[in-house]
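Q: with the sequence up front, the predicted model follows.
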Amino acid sequence: MRSTPLLAVSIAAPFRARASARAVALSAALAASLVAGASAVAAPLPEESPDTVTLKSGAVVQGTVIKRTDRRIWVDIGPDVVVVDLEDVSEVKSEAPAPAAEVQREDLFFVAVESPTMSPKEHAKVIGPAVIKVRTPGGLGSGVIINREGHAITNAHVVQGETKLQATVWFPEADGSLTRKDIDDVELVAVNSEMDLALVKIPKVDGREFVPAPMERDERLEIGQPVFAIGNPLGLERTLTQGVISTPRRSMAGRAYIQTDTPINPGNSGGPLFNTRGEVIGITNMKLMFGENMGFAIPARYVKDFLRNREAFAYDKTNPNSGYKYHDAPERTREGAPPMLKDSSGGGS
């Protein structure tokens, strides 16, 4: 049985004050060449190597992860620092778990303070179960759970005019697998048709807690910022797509939307748009027809405002104007009152 090669790279100049300037960019091709026996200076591993980075080439880098972004990871291997592109990484393991981000509860939702930056693949394992599928007799969409009690956000047009809602939720298990559950009797709590937002409440199953996703604490949106979406386009459950922010503020119909080239299709409606910290920065709700990768999301600040003022949009099933959308009445084809109203009551006008 072939053993996994262990890779340790040394740089001639010592790593101390100017580590970032002396960091080595390590790609899969370089790793492969080193494993194949190309000239390289081997260095002893640090006394404590809590982190192991396994490359797609089969090489292994052991050391301490000192920094990571959505594209690269920096590993201190002792006297030097190795920079690895995440696209070349197959797995990152750490014996010492990273400190959890501080969580602050605000109303029904919560925010995370200084949450770590990771790749979409890594975030999907943690916050992926927060994304749900919302099904109605008239169609389906997506949503995101915002607290452990089961409150979730989706689009108003997904649930508009419906009284029977079903949610599909994925619960994580101890072995890393997910258990899929279809939950009926989902409650419609509030609907804001103008903002295209709806708040629903999912009943608990067997007392299990839901996995929520944090809302963005402060709006920090930039053109070109990497983002990703998880949803159920065309019913294809738990589909992840990624892209960048095309513009953080696109005015349409008098409102500002986040424009992104992240692929969004019917069924993504109501699902979350995440940043590389795993925070919900928007709720996807539409795309331009006949346009390539021109999707839009409702900014998180509007979602927070909707949640804080949900009483103003509370759904009342006894009120026909609450949560329902009616078509305009057809125009009359003839002048005057309809014949059925011309009776002996003296009306008819």
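A: Received, thanks.
Q: tell me which helix or strand T241 sits in.
A: Element membership for T241, per DSSP states H and E: strand 239-252.
Q: span of stretch 317-332 from start to end?
A: Stretch 317-332 has its terminal residues 31 Å apart, counting by CA to CA, to the nearest Å.
Q: and if you look at stretch 94-112?
A: 22 Å.
Q: what does stretch 257-277 give?
A: First-to-last residue span, stretch 257-277, CA to CA: 20 Å.
Q: with stretch 182-199 instead?
A: Span of stretch 182-199 from end to end, CA to CA: 18 Å.
Q: how far off centre is stretch 204-214?
A: In terms of CA atoms, centre = their mean, to the nearest Å, the centre of stretch 204-214 is found 17 Å from the chain centre.
Q: rewinding a little: what packs against the helix or strand following the strand holding T241?
A: Later in the chain than strand 239-252, the nearest helix or strand by DSSP H and E is strand 255-260. Contacts defined by 3 or more CB pairs under 8 Å, 6 or more residues apart in numbering; DSSP states H and E place strand 255-260 against strand 239-252, strand 280-287, strand 295-299. (Glycine included, C-beta is placed from N, CA and C.)
Q: tell me the mean pLDDT for strand 255-260?
A: For strand 255-260, mean pLDDT is 95.
Q: ok, now stretch 314-324?
A: So the average pLDDT for stretch 314-324 ends up being 69.
Q: if I look at D182, how far off is K125?
A: Note on D182: its distance to K125, by CB to CB, to the nearest Å, is 23 Å.
Q: now swap in V82 and tell me
A: 24 Å.
Q: still on that earlier bit, just the helices and strands packed on strand 255-260: most buried one?
A: Each of the helices and strands packed on strand 255-260 was scored by mean neighbour count; the highest is strand 280-287, a mean of 25, by mean count of other CB atoms under 10 Å.
Q: so for it, mean pLDDT?
A: 95.
Q: ok, residues contacting it?
A: 142, 144, 146, 153-155, 157, 196-197, 213-216, 219, 221, 227, 229, 231, 257-258, 264-265, 268-275, 294-300, 303 (CB atoms under 8 Å, 6 or more residues apart in numbering).
Q: tell me which of these fall in strands.
A: 142, 144, 153-154, 197, 227, 229, 231, 257-258, 272-274, 295-299 (DSSP state E).
Q: any idea which residue is closest to the centre of this protein?
A: F274 (3.7 Å; CA atoms, centre = their mean).
Q: next, count neighbours for the nearest residue to that one once chain neighbours are set aside.
A: Leaving out its chain neighbours, the residue that sits closest to F274 by CB to CB, 6 or more residues apart in numbering is F228, at 5.4 Å. Neighbours of F228 under the rule other CB atoms under 10 Å: 23.
Q: could you do the one 4 residues further on as well?
A: Neighbours of N232 under the rule other CB under 10 Å: 26.
Q: now A300
A: Other residues close to A300 by other CB under 10 Å number 26.
Q: now do R208
A: 14.
Q: please name the nearest non-neighbouring residue to it.
A: Here the residue nearest R208, using CB to CB, 6+ apart, is F171, at 5.7 Å.
Q: bridging residues for the one you found?
A: T179 (DSSP bridges).
Q: so for it, what's the pLDDT?
A: On the pLDDT scale, F171 gets 95.
Q: 29 is where my numbering starts, stick with that
A: With 29 as the first residue, the last one maps to F199.
Q: test my guess that it contacts D234.
A: No. Counting by CB atoms under 8 Å, D234 is not a contact partner of F199; they are 9.2 Å apart.
Q: if we can go back for a sec, give the burial count for the residue nearest to R236, as a bare number.
A: Using other CB under 10 Å: F199 sits among 16 other residues.
Q: so who does it touch?
A: P157, L206, T207, K209, V233, R236, V239.
Q: any idea how far it is from F341?
A: 29 Å.
Q: count of neighbours near the closest residue to F324 other than its chain neighbours?
A: The shortest distance from F324 to any non-neighbouring residue, by CB to CB, 6+ apart, is to Y285 (4.2 Å). Using other CB under 10 Å, Y285 has 22 neighbouring residues.
Q: test my guess that Y285 contacts R329.
A: No. Counting by CB under 8 Å, Y285 sits too far from R329 to count as a contact (11.8 Å).
Q: how about G178: what's its closest non-neighbour residue?
A: Closest to G178 by CB to CB, 6+ apart is I230, at 3.9 Å.
Q: pretty sure the one you found is touching A158, no?
A: No. If you go by CB under 8 Å, I230 and A158 don't touch, sitting 11.6 Å apart.
Q: between the two, which contacts overlap?
A: Shared contacts of I230 and A158, counting by CB under 8 Å, 6+ apart, come down to I173, F238.
Q: circling back to that earlier point, how far does the strand holding T269 sit from the chain's center?
A: 12 Å.
Q: gap between stretch 160-176 and the chain center?
A: The answer for stretch 160-176 is 14 Å, by CA atoms, centre = their mean.
Q: flag every buried residue along it.
A: 160-164, 168-175 (16 or more other CB atoms under 10 Å).
Q: thinking again about what came up before, go ahead and confirm the residue nearest to F302 touches P148.
A: Yes. If you go by CB under 8 Å, F256 and P148 touch, sitting 4.2 Å apart.
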